[in-house]
Structure formats: structure tokens, C-alpha cells
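Novice: let me see the structure of the following:
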Amino acid sequence: MRSRRCSTKPACRRASDLRNQICQTSRDNGRGRVELSHAIAIVGLGKIARDQHLPTLAASDKLHLAGIVSGHARDEDVPVAATITELKAQVPDLAAVSLCTPPMARTPLIEEALGLGLDVMVEKPPAATVSVAERYSGMARDAGRALYLTWHSREASAVEPAAQWLAGRSLHRMSIAWKEDVRVWHPGQEWIWEPGIGVFDPGVNALSILTRLLPGTELHAATLKYPADREAPIMADLTMAHGKTAIEAAFSFDQRGPQTWTMTLETDDGVAELREGGGRLFIDDAEVAVPEGTEYGRLYARFADMIGTGAIDADLSPFRLVADAFMLGRHERVGAFRWDD
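Specialist: Next comes the predicted model:
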């Protein structure tokens, strides 16, 4: 059962830069304990929002969906508005927004949210370019609001166990195979073929895990394969290094049949393999138990703890490797892409 805490009561007032910290809902969690839940809105109701964000919020004890900003949402169970400002007027206790729009043109949305005193969470990739994404931390800091630029694959269940296993071992070589079918994961979404995206939409997931395991990884060379009728690559081969350790990555957006998301780490004391996008961990071919939970569940739990604190988590190292690939990559043309192939 939920009961509103009115932000106009004296006990709920704080300084303006922290006014949303206590704009919350209380509810019985079913275990005889009342917990506080922040009001959050989804901005952009596309496939990723429906597949991941909405179910995660529905299951959250710390957050609840208070509204949606979308130009095409219909028959939702919460208020829907065309802009964040309009939604804030409908939902005065709104504390935060989660941006699920395509990465282009997010700056005005972030400016609008921060200007309304809202904390901001951003789906990956954070922006269309690194230089734009670099602005966001300063904007949030000036507004005194929390900002979370997310990399959901870092929260896969096997990533932290793999990092702990790797600590104290000498890594000899690492290989990455990240291959999926764009027709399955982004059906008909033409924005995915805008310059600077393409296969790096999934590829940056691998790079986010890589930079968690091996911070400071550098890119040395790349080959990018572009469909004859598209402005973004459908395949990419990357040559990277962490110190003297060679790292090779093969990305594809044209993988038919079983999808492949694996990372293999060869060390002086065994071989680790992350499978299924970091969801499973194998050490010398034997599967190792990993924590339960979901990537987006951990993202939102982290963001809930950030709300009202002014904390900023905005690591751009995976995005910089993408930019480096476009800067250094040799271009090749391949056959035209068809959604209905």
C-alpha cells in the first residue's frame, strides 16, 4: 500500500538543490517493513524501455514508475506527457528521469531535467559523440543533481566474479566475439544506422566489460565494414592492448542463428570465459556460480542510492574506444543491408 509524502509540508522541505531527495512514496514491502520509493519517469518508450526498464521498475522496492515522456505512448497506467516539464507539472513529486531515447539530441533533455531539479540516468551510449557526453558531468555538477551514465553489461552477473578471479593473475591474451542479429534486437530501427553507431551499439557492451576488467585499455587498429547502403558499420575487428597484453575483438551485427557474446581471458593460471554477455562464467571449461539478479536491476538499485546525493557516475572509457575505432579504422564496403533478408 502506498501513501504520499507531500513535498509542501514543512517536514518535507529542504534546500532547493536537494528538494527531490525526499519526494518519495512509502509502501509496505510485504515483509512487515515500510520502504521509501523514489518517483521516476521513463523518457522515450522504445523497445529497450519496454523490454528492460519497465519490468525492472515494476519489480523495484526503491523506485516506482510515476510517468512516461513520449510522443506515442498510449493506454499506459501512469501519466504520459510530451515533455519532461509537462510531466513534472502533472507529477510534482517526480524525483528523477531515465533517458531511453536514441543517443542523438539528448542534451536538451538532460538540460530540461536538471533545470527542473531532477536526477538523471542515461541509457547507453550516452550521446552521439564523446565531446557531447563529456559535457554532462559538468551540467549535473552545476545543477547539484545526480547523473548516472550507465553501461548495463558491466552489471552482468559474471563480470565482478571475473574481475576478482583475474586479480593477482597475469593475463597473456584476451579475445572477444560479440555477434548478434540487428534484425532481432533492433527490428526496423533506422536510427541504429546513423553515423557512429551500427555494430558499436552492441559492441560497446563488450567494451564496457573490457574496460571494467582492464582499465586503461588502448586501441591500436580497426577494420570497419560498412554495408553499401548504410553510413554505419555492420562488422568491426579491433586490435587493442592493455600494457603488453594483446586483445582482439570481432563484432558483427549480421549474425544469424545462435547469438554470440563471449570473452576469453588466457592467464598464467587458467582460462576464464565469459559467456552470454557476461551472464555466465567458466573457469577452465567448468561453470562457476555467479550472483543472482539482473543487469538492469543492479543499475536501478545503484541509481536509487544516488538520487538526492548529487553523485556523478559518468565513465566514458568504453565510448572513447568506440571513437578511437572510428578515428583509426580502415573502411571496407560490403553488400547492401536489407531488413527482410
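Novice: where exactly do the helices run in this structure?
Specialist: 47-48, 54-58, 84-90, 107-115, 130-143, 159-166, 182-185, 200-213, 295-306, 317-328 (DSSP state H).
Novice: tell me the domain ranges of this structure?
Specialist: What automatic domain parsing lists as the domains of the chain is 2-149, 154-291+321-334.
Novice: Val322 touches Lys124, doesn't it?
Specialist: No: using Cβ atoms under 8 Å, Val322 makes no contact with Lys124, being 10.5 Å away. In this view, the C-beta of every residue, glycine as well, is placed from N, C-alpha and C.
Novice: which of these two has more neighbours?
Specialist: Taking other Cβ atoms under 10 Å, Val322 and Lys124 do not tie; Val322 has more neighbours (23 against 19).
Novice: now Gln189: how far from Arg141?
Specialist: 33 Å (Cβ to Cβ, to the nearest Å).
Novice: could you list the low-pLDDT ranges of the stretch 101-250 of the chain?
Specialist: For the stretch 101-250 of the chain, applying pLDDT under 70 flags no range at all.
Novice: excluding its backbone neighbours, what's nearest Lys124?
Specialist: Leaving aside its sequence neighbours, Lys124 sits nearest to Trp151 (Cβ to Cβ, 6 or more residues apart in numbering; 5.4 Å).
Novice: which residues does that neighbour contact?
Specialist: Taking Cβ atoms under 8 Å, 6 or more residues apart in numbering, we find Trp151 in contact with Lys124, Val204, Asn205, Ser208, Arg212, Asp315, Pro318.
Novice: again, only using 7 Å
Specialist: Lys124, Ser208, Pro318 (Cβ atoms under 7 Å, 6 or more residues apart in numbering).
Novice: Arg302 is nearest to which of the domains of the chain?
Specialist: Evaluated over the domains of the chain, closeness to Arg302 peaks at domain 2-149, with 6.9 Å, by Cβ to Cβ.
Novice: pLDDT value on His72, please?
Specialist: pLDDT, His72: 85.
Novice: could you report the neighbour count for it?
Specialist: The burial count for His72: 7, using other Cβ under 10 Å.
Novice: from Val80, how far out is it?
Specialist: 10 Å.
Novice: next: Ala127.
Specialist: 25 Å.
Novice: likewise Leu116?
Specialist: With Cβ to Cβ as the criterion, Leu116 and Val80 are 17 Å apart.
Novice: those two: who's more crowded?
Specialist: Using other Cβ under 10 Å, the more surrounded residue of Leu116 and Val80 is Val80, with 21 against 17.
Novice: is that one in contact with Gly71, as I believe?
Specialist: No: under the criterion of Cβ atoms under 7 Å, Val80 makes no contact with Gly71, lying 9.5 Å away.
Novice: Lys179: which of the contacts of Trp151 is nearest?
Specialist: Ser208 (16.7 Å).
Novice: tally of neighbours for the closest one?
Specialist: Neighbours of Ser208 using other Cβ under 10 Å come to 26.
Novice: next one: Ala105
Specialist: 11.
Novice: can you check Arg320 too?
Specialist: By other Cβ under 10 Å, neighbour count at Arg320 equals 18.
Novice: tell me how far it lies from Glu123.
Specialist: From Arg320 to Glu123 the distance is 18 Å (Cβ to Cβ).
Novice: again with Leu166
Specialist: Relative to Glu123, and taking Cβ to Cβ, Leu166 is found at 28 Å.
Novice: which of the two has more neighbours?
Specialist: Between Leu166 and Glu123, Glu123 has the larger neighbour count (other Cβ under 10 Å), namely 26 against 16.
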